[in-house]
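Undergrad: Prediction below, plus the sequence it came from.
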Amino acid sequence: MKIRVGYELIYDCPQPTPMILSLNVHFSRASDLIIPDHLITDPSVPVTAYRDRFGNWCTRIVAPKGQIRLTADALINDTGEPDPVVPGARQVPVQELPDETLEFLLGSRYCETDRLSDIAWGLFDKAPTGWGRVQAICDYVNRNVSFGYQHARATKTAWDVFHEQTGVCRDYAHLAIAFCRCMNIPARYCTGYLGDIGMPPPYEPMDFAGWFEAYLDGKWYTFDPRNNTPRIGRVLIARGCDAADVAISNTFGPNTLKSFRVWTDQVFNG
């Protein structure tokens, strides 16, 4: 299966504004790219790139005064297979976890394990360990949180989501991640493209999506408490402890996001 993915962002800056962008397809999918997702800026500005501590590609620019259009349009191969479901995946005892997973067992900016630990154990102590426990967490979050863009805010944490019971995909992921970590299961935040491939209409406006990965039985597995069903065509952009590590843009000066458009569509010819 081939999928066309891309975006167009238009910013208006009253002064030259440095930006760090996390918009490139994750390096783990680089060999799948048929047409790479090179960033194009209008007006043209110097672009440099680096890899952050999670391995994500990050881009640096200085947006000039006035409007700047950022866009990329890529074509990527995909297996066309839905997210794997492995009910037998066992939970790894903390003392046996690899060192590199431990960072994803701790509290973070949007995932307050200290505040949610007693609640998590009260809700999920009786759930089967391993895959069954992560799925029980996803079922709970999906059942108890109502989706709506009007509920989104940059400061909203897992604790807020638990009490307000509203949010967008990243809020669903943050609450599920926090609960997993409270139950001694490493969990990391993911952002990327997720279209409606294989889903019946009506289709929602396209946006970047947030989901998470849990470490079970020696592997990282995808879970999506917002949709809570295996999906086709997920294209990872970045991973981190939570959304603070994978913001699409960090800007260092006043600016206005004038326009925002994302696409991810199956390509049947070409």
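TA: Arrived safely, thanks for sending.

Undergrad: Pull the contacting residues for Ala238.
TA: Neighbouring residues of Ala238 by C-beta atoms under 8 Å, 6 or more residues apart in numbering: Ser22, His26, Phe54, Asn56, Trp57, Cys190, Thr191, Gly192, Asp245, Val246. Where C-beta positions appear, they are placed from N, C-alpha and C, glycine not excepted.

Undergrad: Parallel or antiparallel, which strands does the helix or strand hosting Glu213 pair with?
TA: Using DSSP states H and E, Glu213 sits within strand 208-216. Sheet pairing of strand 208-216 (DSSP bridges) gives strand 187-193 (antiparallel), strand 219-223 (antiparallel).

Undergrad: Buried deepest among those, which one?
TA: Most buried of the strands paired with strand 208-216, by mean neighbour count (mean count of other C-beta atoms under 10 Å): strand 187-193, with a mean of 25.

Undergrad: Stretch 153-163: how far from the chain's middle?
TA: Relative to its chain's centre, stretch 153-163 lies at 16 Å (C-alpha atoms, centre = their mean, to the nearest Å).

Undergrad: ok, residues contacting that stretch?
TA: By C-beta under 8 Å, 6+ apart, stretch 153-163 touches 109-112, 115-116, 119, 145, 164, 167, 171-172, 174-175, 177-179.

Undergrad: Mind checking which of the residues you listed are buried?
TA: Using 16 or more other C-beta atoms under 10 Å as the burial test, those include 110-112, 116, 145, 167, 171-172, 174-175, 177-179 as buried.

Undergrad: before we move on, back to that, keep only those of the contacts of Ala238 that are in helices.
TA: Among those, none falls in helices (DSSP state H).

Undergrad: I'd like to know which of these is nearest to Pro36.
TA: The closest of the contacts of Ala238 to Pro36 turns out to be Trp57 (C-beta to C-beta; 11.1 Å).

Undergrad: Looks to me like Pro84 is in a strand.
TA: No: counting by DSSP: H, G, I helix; E, B strand; the rest coil, Pro84 falls outside a strand, being coil.

Undergrad: Which residues are in contact with it?
TA: Contact analysis of Pro84 by C-beta under 8 Å, 6+ apart lists Tyr221, Thr222, Pro230.

Undergrad: if you set the cut-off to 10 Å instead, what comes out?
TA: For Pro84, the contact set (C-beta atoms under 10 Å, 6 or more residues apart in numbering) comprises Lys219, Tyr221, Thr222, Pro230.

Undergrad: nearest to Ile185, of those?
TA: Relative to Ile185, and with distances defined as C-beta to C-beta, the nearest of the contacts of Pro84 is Tyr221, at 10.5 Å.

Undergrad: Distance check, that closest one against Asn77.
TA: As judged by C-beta to C-beta, to the nearest Å, Tyr221 and Asn77 stand 22 Å apart.

Undergrad: Centroid-nearest residue for the protein?
TA: In the chain, the residue lying closest to the centroid (C-alpha atoms, centre = their mean) is Thr191, at 2.0 Å.

Undergrad: can you count the residues close to the residue lying closest to that residue once chain neighbours are set aside?
TA: Counting by C-beta to C-beta, 6 or more residues apart in numbering, Thr191 lies nearest to Val246, which is 4.8 Å off, once chain neighbours are set aside. Neighbourhood size, Val246 [other C-beta atoms under 10 Å]: 24.

Undergrad: same question, the one 4 residues further on
TA: Using other C-beta under 10 Å, the number of residues around Asn250 comes to 13.

Undergrad: host element of it?
TA: Per DSSP H and E: Asn250 is located in strand 249-251.

Undergrad: now that strand: how far from the chain's centre is it?
TA: 16 Å.

Undergrad: ok, now stretch 153-169?
TA: Distance, stretch centre to chain centre, for stretch 153-169: 15 Å (C-alpha atoms, centre = their mean).

Undergrad: Pass me the low-pLDDT residue ranges in the protein, would you?
TA: Scanning the chain for pLDDT under 70 picks out 269-270.

Undergrad: Thr229: what's it in contact with?
TA: The contact partners of Thr229, taken as C-beta under 10 Å, 6+ apart, are Pro82, Asp83, Val85, Cys138, Asn142, Gly198, Met199.
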